[in-house]
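Chemist: Predicted structure and sequence below. I'll ask about it afterward.
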Amino acid sequence: MNVTERIAENAKNSNISVAEGGFTKSQPRGIDPDAVLNEGDIIMFPETMPQVMHQDFPGSDNYAEFIVVNVLTPDGKEKGVNFFPSSLTKNIWPASKDEKTGEVVAHIENGPQNPTGTAVELYKSKQGETGPNGETDMTLGMLELLGKKVKVTSKIPVNIQRWRDGERVNELATTNLLQYDLVA
């Protein structure tokens, strides 16, 4: 599915709409596209800011914002991907199942694991800033990435504690810890 097809598919989803005025959130933790990005993929950020999309989550006040980007896969294919800037700042809290009790235990003692790489550093360099016209730090961080190519140089699966309906449950889930690096 290319960028045009991805945008058309998004238009069919009643939970997705245009975010008037661009990114409204500060750099959050949360949504990630790691299920559709793979090691070796190159994200081709457009030269100018594309339309920012807003996705609601039914039954919640929470929402996510994203842009549609073109991704070049290692085998030379192109695909359109919903890119959530929050994927660059998400916290991953590793977890495991206690063999004796069967309980899932989150390993919080060492803090969260976070995405890394030169693109993450560039994006996060604007964290906490506000633009001259009131732009959020998410907008400023994304402006830094416009026109750049970013490669997923590492994708490491990490077990985490599953959440359901806003509550932790005694199950493991797997997410991915990505490294995003700028490429020439």
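Modeler: Cool, got the structure.
Chemist: Please identify the helix or strand for the nearest residue to Tyr123 once chain neighbours are set aside.
Modeler: Leaving aside its sequence neighbours, Tyr123 sits nearest to Gly141 (CB to CB, 6 or more residues apart in numbering; 4.0 Å). (Each C-beta comes from the backbone N, C-alpha and C, glycine too.) Element membership for Gly141, per DSSP states H and E: helix 137-145.
Chemist: for that helix, packing partners?
Modeler: On a contact count with 3 or more CB pairs under 8 Å, 6 or more residues apart in numbering; DSSP states H and E, helix 137-145 meets helix 118-124.
Chemist: Pull the residues that contact the helix it packs on.
Modeler: Residues outside helix 118-124 that contact it (CB atoms under 8 Å, 6 or more residues apart in numbering): 27, 85, 88-89, 114, 141-142, 144-145, 148, 150, 179-182.
Chemist: pLDDT of the helix holding Gly141, averaged?
Modeler: Regarding helix 137-145, the rounded mean pLDDT is 93.
Chemist: Run through who's touching that helix.
Modeler: 22-23, 25-28, 45, 49, 65, 67, 85-86, 88, 119, 122-131, 135.
Chemist: State the phi and psi torsions of Asn176.
Modeler: Asn176 has phi and psi values of phi -130, psi 140 when expressed as degrees, to the nearest 10.
Chemist: re earlier: inside strands: which ones of the contacts of helix 118-124?
Modeler: If you go by DSSP state E, the contacts of helix 118-124 have 150, 179-182 in strands.
Chemist: List just the nearest of those residues to Leu72.
Modeler: Proximity of the ones in strands among the contacts of helix 118-124 to Leu72 (CB to CB) peaks at Val150, which lies at 10.8 Å.
Chemist: what sits against that closest one?
Modeler: Taking CB under 8 Å, 6+ apart, one finds 42-43, 45, 117, 119, 180-183 in contact with Val150.
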